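*Asks:* Here is my input; please provide its structure:
(one chain, ligands or ions: 1)
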Amino acid sequence: STLFEAVELAPRDPILGLNEQYNADERTGKVNLGVGVYYDDQGRVPLLKCVHQAEVDRVQAAGAHSYLPIEGLASLNKAARELLLGKDSEANTSGRAFTVQALGGTGALKIGADYLKQLLPNAKVAISAPSWENHRALFERAGFDVVEYAYYDPQSHGLNLDGMLASLKALPDSSIVVLHACCHNPTGVDPTPAQWQQIADTIKEKNHISFLDIAYQGFGDGLVEDAAAVRMFVQMGLTCLISTSFSKSFSLYGERIGALTVVTSSADEAKRVLSQVKRVIRTNYSNPPTFGGAVVAEVLNSEKLFALWDAELAQMRSRIKEMRDQLVSKLQAAGVAQNFDFVLTQKGMFSYSGLTASQVDRLREEHGIYAVSSGRICVAALNSQNIDGVVDAIASVLK
Ligand code: PMP
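*Replies:* Presented below is the predicted three-dimensional model:
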């Protein structure tokens, strides 16, 4: 017998599997709303002007491709931490927070998960119901038992706050709670500031460890606004790990650029924890790649490029909002009976549309429109050319 003889075929990734199906579809007018990517109104992944400028600068500087330190580029880490916590935040100036460069938001979650497993081998990890599908897999791979806390309320299309607080209270003390800091994926439903306060109070009471995932900073209400929950937790003195993704906000998906920030209770603690996190990195991939980090660092550290980035983010944000507005008003004009106003208050790239799995199947089979079976659609994949077709198709499966 051979080593691999009895190996089973792993199931396809649900979202990447949908992409494969979409690519093989030969119908014209097909639309892929299953993705987690921002497209511009021409249906292209944009190259941001600020990114292009930083790329040109980098090439012209003709720098060598040496190794970065284990923790990555210092100028990136500092700027990423300031973007998250605020330049003058006490956690920043006191040295009790540190940041390491990571391979996207996924890489930051993975480093954090592996480190926590070493520190708290028996802790439970709680993720939202529902959550980004990789959260469970990632923490299970790191060796944790993963459970869910109540989050989405399908009746109101909003947050089930009471259920959420009850779940957090029912967890063993000192559990690890994974939270979407803004622009919840897949629902688009975020807590209000007052609800965040109640969530944070409960987490504090229970001595839980917060792992805040922020993959869409700038896609909700703005760079500073979207960091409000993170800053609230940090100001309350909670121990936090924060995974940042720059994939969407810089449209740098393939460069795999993100960061892990850890907020401890003293500079001395931070120093010791950093030394342990570096060991996790060293034994995984040694040190991060240079290019994406250099590009993001230049944009974050240049006043001019930062302003350009902020403006380009605002454009992406307002285009998504425009698509939300049009989707709702066009569905109403098409005479659908259901009220879709909740789509207007959802934040970020996604909408939990309320479409059922069988309606999603019909959209795909009858109209060539691809969405996730949960009903999640990527609003950032709608544009002025495809929206009317999408609206007609949704109206027809709702009849
Ligand atoms: N967390 C969430 C909630 C996400 O939606 C994503 C991306 N889809 C990530 C993390 C991972 O981002 P990255 O591509 O930078 O690894």
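*Asks:* And the residue of the chain that's closest to the ligand?
*Replies:* Per C-beta to the nearest ligand atom, Gly104 is where the chain lies closest to the ligand, at 2.8 Å. Quick note: C-beta positions are derived from backbone N, CA and C, even for glycine.
*Asks:* what's near enough to touch that residue?
*Replies:* By C-beta atoms under 8 Å, 6 or more residues apart in numbering, the contact set of Gly104 is 245-247, 256-258.
*Asks:* Just the residues you listed: which are in strands?
*Replies:* Counting by DSSP state E, the contacts of Gly104 place 245, 258 in strands.
*Asks:* would a markdown table of the contacts of Gly104 with neighbour count and pLDDT be doable?
*Replies:* Listed next are those as a markdown table, based on neighbours: other C-beta atoms under 10 Å; pLDDT from 0 to 100:
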| residue | neighbour count | pLDDT |
| --- | --- | --- |
| Ser245 | 25 | 98 |
| Phe246 | 30 | 98 |
| Ser247 | 23 | 98 |
| Arg256 | 20 | 97 |
| Ile257 | 30 | 98 |
| Gly258 | 29 | 98 |
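*Asks:* May I have stretch 271-284 as PDB, with CA atoms only?
*Replies:* Listed next in PDB are the C-alpha coordinates belonging to stretch 271-284 (Å, rounded to 0.1, in the frame of the first residue of the first chain):
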ATOM      1  CA  LYS A 271       8.200  42.700  25.700                       C
ATOM      2  CA  ARG A 272       7.900  39.100  27.000                       C
ATOM      3  CA  VAL A 273       4.800  38.300  25.000                       C
ATOM      4  CA  LEU A 274       6.400  39.700  21.800                       C
ATOM      5  CA  SER A 275       9.400  37.400  22.300                       C
ATOM      6  CA  GLN A 276       7.000  34.400  22.400                       C
ATOM      7  CA  VAL A 277       4.900  35.600  19.400                       C
ATOM      8  CA  LYS A 278       8.200  35.900  17.500                       C
ATOM      9  CA  ARG A 279       8.900  32.200  18.200                       C
ATOM     10  CA  VAL A 280       5.500  31.300  16.700                       C
ATOM     11  CA  ILE A 281       6.400  33.300  13.600                       C
ATOM     12  CA  ARG A 282       9.900  31.900  13.300                       C
ATOM     13  CA  THR A 283       8.700  28.300  13.300                       C
ATOM     14  CA  ASN A 284       5.900  29.000  10.800                       C
END
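*Asks:* Spell out which residues of the stretch 1-150 of the chain are next to the ligand.
*Replies:* Proximity of the stretch 1-150 of the chain to the ligand, by C-beta under 6 Å from any ligand atom, involves residues 36, 104-106, 132.
*Asks:* Can you tell me the closest non-neighbouring residue to His135?
*Replies:* Ile127 (4.6 Å; C-beta to C-beta, 6 or more residues apart in numbering).
*Asks:* For my notes, confirm that neighbour occurs in a strand.
*Replies:* Yes - when DSSP: H, G, I helix; E, B strand; the rest coil is applied, Ile127 is found to be in a strand.
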